[in-house]
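Sequence and computational prediction follow.
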Amino acid sequence: MRGPGDQRRRSGRGAQAAAGAVEAREAAAAAFYDMDQAQKYIDGRVTVFEDLDAKAAAPARREFSGLAEAADAASVAYISVLDAHDLDDRDRSPAEYDAARRAFVASTERLQHITRNLNGFAERLAPQMARLESALDQLPPRLTAARDAVAAADTAVAAAKEAGMDAAEPEAELERARQVLAQLGSQGLGGLGLDGAIRKADEVREIAERAREAAAELPQMAQKVRNSLASARTRVDVVANRAGPVREAMRILVRGYSQSCWQDLKGAPESIEAAVTRARERLNEASAYAARTEWRQAQQALTAARTELNAADRRAGQVTGRVDELKAVAEDPSRPAESVHFAVRDAQRLAMSQPGGPAPRHAQVLDSLVERLERAPDRLTGAHPDYWAYLQELESIKTTAGDVVARIRAERAQQG
């Protein structure tokens, strides 16, 4: 039979066991709180990471998902332990308190282990987040610059329209800038990512700046078109007046020189007149566009007119220049050959200066050039010598000599 001392000892052990169980429960609650806070914080950081750079954040989200699953399982297990051990029940035995303590201790260790894993993950994530958040500082000024550029473009387009200019093109660009800006506002970082948002902001600014510049150029373009129209009309008359001298030059060529001297120029007067006609048509188009304040189209028509006039000018110069060339060679056939002689000699001297003498491949080409140069005057025979063929042969010899010089120098550069 047990006496009062046994009851006191049992009560003492029960109180001690209860105190140990309560202490373990409080430690588990603190561990649960720490884990829960870490999980929520890191979930938020990963979400921010995804907003800033969804592609780079994908591996982090996958890793965190695994950690979150472990944390959720530990939370369920902790709550189960909490429900299974009601320490407020005074009828519990010391053994039951001891079992509760062990269960809470095990739960605490599990919760703390997962918290350490979460914190380790957060430490690995921190450098990437720091870099992204540093880059995030660039976005507000980029957005401000974009909005300022749109406002400036809007002012420039409005001013151009008030001045009576056709501002359709810059206005269309401005509208495109507004659309991209609206897209940036609607999608934000969550839809575009940090890099995408910065690119969109820069795109808005660039489009808006082009629109502003185009609108600002309209008054200048208008004056430029007016001045160009006046000068182009004068030039049309000048070029048109060259058709007569070209016809006379062609008559001289046909009467005084062999067919090969002028065959490639045949039809030059007619082509010049046709180009002048087309240039006048483009100028009339430019005037019509200018009357409607469509300055960009007027500028394009003016450019087309100038292209026609330049072609006509070149053709006229070819004909009159051919006459001058042929007259000069007819008076002194040896004169154009002098520069060719010098070119061949220079190539020969360079080839001879190579270590071991000239390379056979270069020597053969240069020897053939000397022979061709000696035979070139043979073309100048008959009542109507082919002076043009003579000049072309000289030019071919000179060009080939220059090619040899270039090859020798390139080979020396590779060797040395």
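All right, it came through fine.

For the rest of this, base every contact and every neighbour count on C-alpha atoms.
OK.

Show the low-confidence segments of this protein, by residue range.
Applying pLDDT under 70 to the chain picks out residues 1-14, 52-54, 56, 89, 132-139, 185-194, 416.

and the longest helix for it?
helix 168-240 (DSSP state H).

Restricting to C-alpha, output the following helix or strand past it in CSV.
Next helix or strand after helix 168-240 toward the C-terminus (DSSP states H and E): helix 243-256. What follows is helix 243-256, C-alpha atoms only, in CSV (Å, rounded to 0.1, in the frame of the first residue of the first chain):
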residue,chain,number,x,y,z
ALA,A,243,20.7,68.4,-126.2
GLY,A,244,21.7,70.7,-129.2
PRO,A,245,25.5,70.6,-128.5
VAL,A,246,25.2,66.8,-127.9
ARG,A,247,23.5,66.4,-131.3
GLU,A,248,26.3,68.4,-132.9
ALA,A,249,29.0,66.3,-131.0
MET,A,250,27.3,63.1,-132.3
ARG,A,251,27.5,64.4,-135.9
ILE,A,252,31.2,65.1,-135.4
LEU,A,253,31.7,61.6,-134.1
VAL,A,254,29.7,59.9,-136.8
ARG,A,255,31.4,61.9,-139.6
GLY,A,256,34.9,61.9,-138.4
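
Can we start the residue count at 779 from this point?
Okay, using 779 as the starting number, the last item reads as helix 1021-1034.

downstream neighbour of helix 1021-1034 in the secondary structure list?
Next along the chain from helix 1021-1034, counting by DSSP H and E, comes helix 1046-1069.

I'd like to know which elements the following helix or strand past that following helix is packed against.
Later in the chain than helix 1046-1069, the nearest helix or strand by DSSP H and E is helix 1073-1109. Other helices and strands packing on helix 1073-1109, by 3 or more CA pairs under 8 Å, 6 or more residues apart in numbering; DSSP states H and E, are helix 946-1018, helix 1021-1034, helix 1046-1069, helix 1165-1193.

Buried residues, the second one. List them.
Using 16 or more other CA atoms under 10 Å as the test for burial, helix 1021-1034 gives 1021, 1024-1025, 1027-1028, 1031-1032, 1034.

Can you list phi and psi of Trp1040 for me?
When read as degrees, to the nearest 10, the backbone of Trp1040 gives phi -130, psi 0.

and the nearest residue to it once chain neighbours are set aside, what does it touch?
Residue nearest to Trp1040 in three dimensions, not counting chain neighbours: Leu1031, with 6.2 Å by CA to CA, 6 or more residues apart in numbering. Contact analysis of Leu1031 by CA atoms under 8 Å, 6 or more residues apart in numbering lists 1039-1040, 1101.

For these, which entry has the maximal number of neighbours?
Sorting the contacts of Leu1031 by how many neighbours each has (other CA atoms under 10 Å) puts Cys1039 first, at 21 neighbours.

Please report how far that one lies from Leu1031.
7 Å (CA to CA, to the nearest Å).

Enumerate every residue touching Gly1034.
By CA under 8 Å, 6+ apart, Gly1034 lies in contact with His1162.

Look up how far Ser1174 lies from it.
As judged by CA to CA, Gly1034 and Ser1174 stand 25 Å apart.

Kindly report the same for Thr1085.
30 Å.

re earlier: which neighbouring elements make contact with the longest helix of the chain?
helix 782-830, helix 917-940, helix 1046-1069, helix 1073-1109.

how far off helix 946-1018 does the third one point, in degrees?
Looking back up the chat, that one is helix 1046-1069. 150 degrees (axes from the mean of the first three to the mean of the last three CA atoms, to 10 degrees).

Run the chain-centre distance for helix 1046-1069.
38 Å (CA atoms, centre = their mean, to the nearest Å).

for stretch 838-847, same thing?
For stretch 838-847, the distance to the chain centre is 38 Å (CA atoms, centre = their mean).

tell me which residues in it are buried?
Buried, per 16+ other CA under 10 Å, within stretch 838-847: 838-839, 842, 845-846.

what do you get for stretch 892-904?
So, applying 16+ other CA under 10 Å, buried residues of stretch 892-904: 892-893, 895-897, 899-900, 903.

Restricted to strands, list those.
Per DSSP state E, strands hold no members of the buried residues of stretch 892-904.

before we move on, the earlier item: tabulate the helices and strands packed on helix 1073-1109 (TSV), appending distance to Gln1075.
Shown next, in TSV, are these (distance: least, CA to CA, whole Å):
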stretch	distance to Gln1075
helix 946-1018	10
helix 1021-1034	29
helix 1046-1069	6
helix 1165-1193	43
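
Using the record's assignment, carve this structure into domains.
Per automatic domain parsing, the domain ranges recorded for the chain read 782-914, 917-995, 1019-1109, 1112-1193.
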